[in-house]
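Novice: model this:
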Amino acid sequence: MTAALIDGKAIAKDLRERIAGAVGPLEAALGRKPGLAVVLVGEDPASQVYVRNKAKLTRAVGMESFEHRLAADTPQTEVEALIRQLNQDETVDGILLQLPLPDGLDANAAIALIDPAKDVDGLTDVNAGRIVLGKQGLVPCTPQGSVILAKSHLPDLSGLNAVVIGRSILVGKPLALLLQSENATVTMAHSRTKDLAEVCRSADILCAAVGRPEMVRGDWIKPGATIIDVGINRIEAGDGTAKLVGDVAFDEAKEVVGAITPVPGGVGPMTIACLLRNTLLAAARRAGQPDPQGV
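Specialist: Okay, here's the model as predicted:
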């Protein structure tokens, strides 16, 4: 079987282009550009790269990017004071607190202060509750992107068996709820699941989000299944260099599956695209405007 490759880069590019097309009319209605504020505390190299990419792509779609960089030894009170300030800033429609925070800072306490209407990461209790209740809110970006990728290959998920490996609040739990909202029948698997391989073999859609390199083997996969691999793991290659792999053994899986996301180039690009989408939606909703069409 020859697997179809679900091209996250191309799908994310298409989404960003549609967002860019919606920014102009919304800017005209608001009298300003939608704005995304990113708060980066400390010098984590990966976080710095992410923040640079987010800022570049935010500006590329025509929105304002506000970057707030704080030293690693910034006290909790100052981080929280900045969030309160951004809550009150009418030029800011979305607030993203870049994680992880340096040791000694309480991320949960800081996230809890973000105005839910500006919570473009979808991590506040209010937005998490809205997903559970099936109400309109801001949805976490990686799960949202994962569903978009699955639907690019399977437009109608109704009645399909979906297995989500991983139960984190960042990915696993919201992803399971989003798949349920698409009328899939969802099983959430995790480290204590009995006979995990057999559970995976029942999946028409298998989403792996556990952070364990190539844990899901080819013989765990139902022939023709669609695989959404959320994992990004750095391992040593045979020549001593490092390479990125997912939670699924790609070379084994591609011989079995109907479609699969690569790592890199699958879910990753969708996360930032969905962040921009959330910022656009937040700007429209805060102003009492209808959600922009086509995004």
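
Novice: low-confidence ranges in this structure?
Specialist: Counting by pLDDT under 70, the chain shows low-confidence ranges at 1.

Novice: can you pull out the helices in it?
Specialist: 8-30, 45-60, 76-88, 107-112, 125-133, 141-153, 172-181, 196-200, 250-253, 267-286 (DSSP state H).

Novice: Can you add mean neighbour count and give these back as TSV?
Specialist: All C-beta atoms are positioned from the backbone trio N, CA, C, and that covers glycine. Below are these laid out as TSV (neighbours: other CB atoms under 10 Å):
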stretch	mean neighbour count
helix 8-30	17
helix 45-60	15
helix 76-88	15
helix 107-112	14
helix 125-133	16
helix 141-153	24
helix 172-181	22
helix 196-200	16
helix 250-253	18
helix 267-286	24
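
Novice: Contact partners for Arg167?
Specialist: Each residue near Arg167 by CB atoms under 8 Å, 6 or more residues apart in numbering is listed here: Lys173, Met188, His190.

Novice: tell me the contacts of the last one?
Specialist: Listed by CB under 8 Å, 6+ apart, the contact set of His190 reads Ile165, Gly166, Arg167, Gly172, Val210.

Novice: ok, now how distant is it from Glu67?
Specialist: Using CB to CB, to the nearest Å, His190 is found at 36 Å from Glu67.

Novice: And Glu78, by the same measure?
Specialist: Counting by CB to CB - Glu78 and Glu67 are separated by 16 Å.

Novice: Not counting sequence-adjacent ones, nearest residue to the residue positioned nearest the centre of the chain?
Specialist: Centroid-nearest residue in the chain, with CA atoms, centre = their mean: Thr142, separated by 1.5 Å. Nearest residue to Thr142, sequence neighbours excluded (CB to CB, 6 or more residues apart in numbering): Thr271, at 4.9 Å.

Novice: how about the strands of the stretch 151-295 of the chain, start to end?
Specialist: 161-165, 185-189, 205-208, 226-229, 233-236, 242-245, 259-260 (DSSP state E, counting those that start in this stretch).

Novice: right, so of the helices of the chain, which gets closest to Gly94?
Specialist: helix 267-286 (3.9 Å; CB to CB).

Novice: Who are the packing partners of that closest one?
Specialist: Where contact means 3 or more CB pairs under 8 Å, 6 or more residues apart in numbering; DSSP states H and E, helix 267-286 is packed against helix 8-30, strand 35-41, helix 45-60, strand 94-97, helix 141-153.

Novice: Just put those in a markdown table and tack on distance to Ala253.
Specialist: Shown next, in a markdown table, are the helices and strands packed on helix 267-286 (distance: least, CB to CB, whole Å):
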| stretch | distance to Ala253 |
| --- | --- |
| helix 8-30 | 16 |
| strand 35-41 | 34 |
| helix 45-60 | 26 |
| strand 94-97 | 32 |
| helix 141-153 | 14 |
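
Novice: which one of the ones you listed lies closest to Ile235?
Specialist: helix 45-60 (15.7 Å).

Novice: The closest one packs against which elements?
Specialist: So helix 45-60, by 3+ CB pairs under 8 Å, 6+ apart, packs with helix 8-30, strand 35-41, strand 64-70, helix 267-286.

Novice: Could you report the distance from the residue located most distally from the centre of the chain to Val263?
Specialist: Going by CA atoms, centre = their mean, the residue of the chain most distant from its centre is Asp239, 32.0 Å out. Going from Asp239 to Val263 by CB to CB gives 19 Å.
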